[in-house]
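Novice: I would like to see how this sequence folds:
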Amino acid sequence: MPARASAGAARVGREIGAEAVAAHGAPVDADAARRLALGTLAAHGYEPCTTDGVTHLRNCPFHALAADQPDLVCRMNHVLIGGLAEALPHCPRPRLEPGENRCCVLIPGVAADGADPA
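Specialist: From the prediction side, this is the model:
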C-alpha cells in the first residue's frame, strides 16, 4: 500500500478513536478498550462477532472496493482499525488474517490478566 494511503488510513482511524474517547471517556483497561473499539466499529458500519474471545468482522464496509483490489483494501482496513486501536489506551492490536465471507481484520481477546495476548 502506498505510504500516503497508509498514513491517511491510520490518521482516520486515530481520529475515530479520539472521537470515541471524547464521547465515552478513556478506557481504563484492555477489556474496556476492546468493548469501546467494537462499539465504535459497529457505529461505523462493521458487524463485530466474537467467538472464543477473538472478534472477527462479519462484513467489510469497503466490500465493493475489496472485490477489485482485495490486498490494497485489506491492508488499508487493517491500518485504519490499527489507528483506532492506537487511539484507545490499552486496546489490543488488530491482526490481518484474511478469511472467507468476513473482513480480513481480527481483534484478539483480552488475556485473564487484562493484557493484550497478541
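Novice: Quick check: the gap between the residue nearest to Asp31 when sequence neighbours are not counted and Ile81.
Specialist: Among residues not flanking Asp31 along the chain, Val110 sits closest, at 4.9 Å (CB to CB, 6 or more residues apart in numbering). To be clear about C-beta, it is placed using only N, CA and C from the backbone, and glycine gets the same treatment. Applying CB to CB, to the nearest Å, the value for Val110 to Ile81 is 16 Å.
Novice: Comparing those two, which residue is more hemmed in?
Specialist: Between Val110 and Ile81, counted using other CB atoms under 10 Å, Ile81 has the larger neighbour count: 31 against 21.
Novice: The helix or strand hosting the more buried one: which residues count as buried?
Specialist: Element membership for Ile81, per DSSP states H and E: helix 70-87. Residues of helix 70-87 classed as buried: 73-85, 87 (neighbour count, 16 or more other CB atoms under 10 Å).
Novice: wait, which of these is closest to Val21?
Specialist: Ala87 (6.6 Å; CB to CB).
Novice: what residues are up against the closest one?
Specialist: 13-18, 20-21 (CB atoms under 8 Å, 6 or more residues apart in numbering).
Novice: give me the number of residues near the closest residue to it other than its chain neighbours?
Specialist: Among residues not flanking Ala87 along the chain, Gly17 sits closest, at 2.5 Å (CB to CB, 6+ apart). Close neighbours of Gly17, defined as other CB under 10 Å, add up to 23.
Novice: Of all residues in the chain, which one is nearest the centre?
Specialist: Ile81 (3.2 Å; CA atoms, centre = their mean).
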